Structures are given as structure tokens and as C-alpha cells.
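Chemist: Any chance you can model this:
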Amino acid sequence: QVQLQESGPGLVKPSQTLSLTCTVSGGSVETKVYISWSWIRQPPGKGLQWMGVIRGDGTIYYSPSLQSRISISRDTSKNQISLQVDSVTPEDTAVYYCARGLGKFDYWGQGTQVTVSS
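Modeler: Numbering: from 1, shown residues only. Predicted coordinates:
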């Protein structure tokens, strides 16, 4: 059974950098190329927004609307996926999820609330 757990600060000040980590158990973040790990967020009152993905071979794709401000990486020794969002604004307030897949997702973390406020 694959399990994902997001972690990170619940509150970030505007203009700062948000860093989140997703710890994966029951599966490897370094595996076959077709296994992908995505970051998705849901702002309050809005739908899900796909942010980016890292595939099993390390290839990374970002949402065009966010690619100038985000970075996704992995630590294979810890079996973790990380997300960094630079220069955050209140519009980055959301529940952030990591999930396995791209387009279709079969495993999700429980999500972590991030609020951007001074």
C-alpha cells in the first residue's frame, strides 16, 4: 500500500519561499519512468490546480503558469519529493497535495494547509 505524507510550514509570509516535502512509503520515488509524482494544490473555494510532476527517471514538468516560481526535486535516499515556491503571495494560500500519477492519480496524501499572510 502506497502512502504519501506532506509536511511543511502552515504559515508563510509574503515574498518568502515555501518549501514542502512529501514522504512516500510503500513505493519508490526512483522507479520505472512511467511512475510519476505530482504536486497539486487547491485554493480556498477553487478547484484543484496541478503544479508539476517528477517522473521515475527524474524528468520534471511544471505548469506553465507556475514554472517561473516553482521547483520540484527528490531525495531518493529519503524517498521524498519536495516542492519549493518562490516569492509567495496570498494567492498561494491553498491545501497542497502530493499524489502519484500524472493526469490520473491513484494515491494522494492527506494534504497540508499553507496560508500566506503577514
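
Chemist: Where does pLDDT dip in this protein?
Modeler: By pLDDT under 70, the low-scoring segments of the chain are 31-33.

Chemist: Tell me which helix or strand the most centrally placed residue in the chain sits in.
Modeler: Nearest to the geometric centre of the chain sits Trp39, at 2.9 Å (Cα atoms, centre = their mean). For Trp39, the element it lies in under DSSP states H and E is strand 36-42.

Chemist: buried residues in that strand?
Modeler: Across strand 36-42, burial judged by 16 or more other Cβ atoms under 10 Å covers 36-41. Just so you know, the C-beta spots here come from the backbone N, C-alpha and C atoms, and that holds for glycine as well.

Chemist: Please enumerate the helices of this protein.
Modeler: Ranges of helices in the chain, per DSSP state H: none exist.

Chemist: what does stretch 100-118 rub up against?
Modeler: Contacting residues not belonging to stretch 100-118 are listed as 2-14, 18, 20, 22, 24, 27, 35-38, 40, 42, 53, 55, 88-99 [Cβ atoms under 8 Å, 6 or more residues apart in numbering].

Chemist: Please apply the same query to stretch 26-41.
Modeler: 1-3, 20, 22, 24, 48-59, 70, 72, 74, 76, 79-81, 83, 94-102, 105, 107.

Chemist: returning to that earlier point: quick check: PyMOL command selecting the buried ones in the contacts of stretch 100-118.
Modeler: Those of the contacts of stretch 100-118 that count as buried under 16+ other Cβ under 10 Å are selected in PyMOL with:
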select buried, resi 4+6+8+12+18+20+22+24+35+36+37+38+40+53+55+88+92+93+94+95+96+97+98+99
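
Chemist: From Ile60, how far out is the residue nearest to the centre of the chain?
Modeler: 11 Å (Cβ to Cβ, to the nearest Å).
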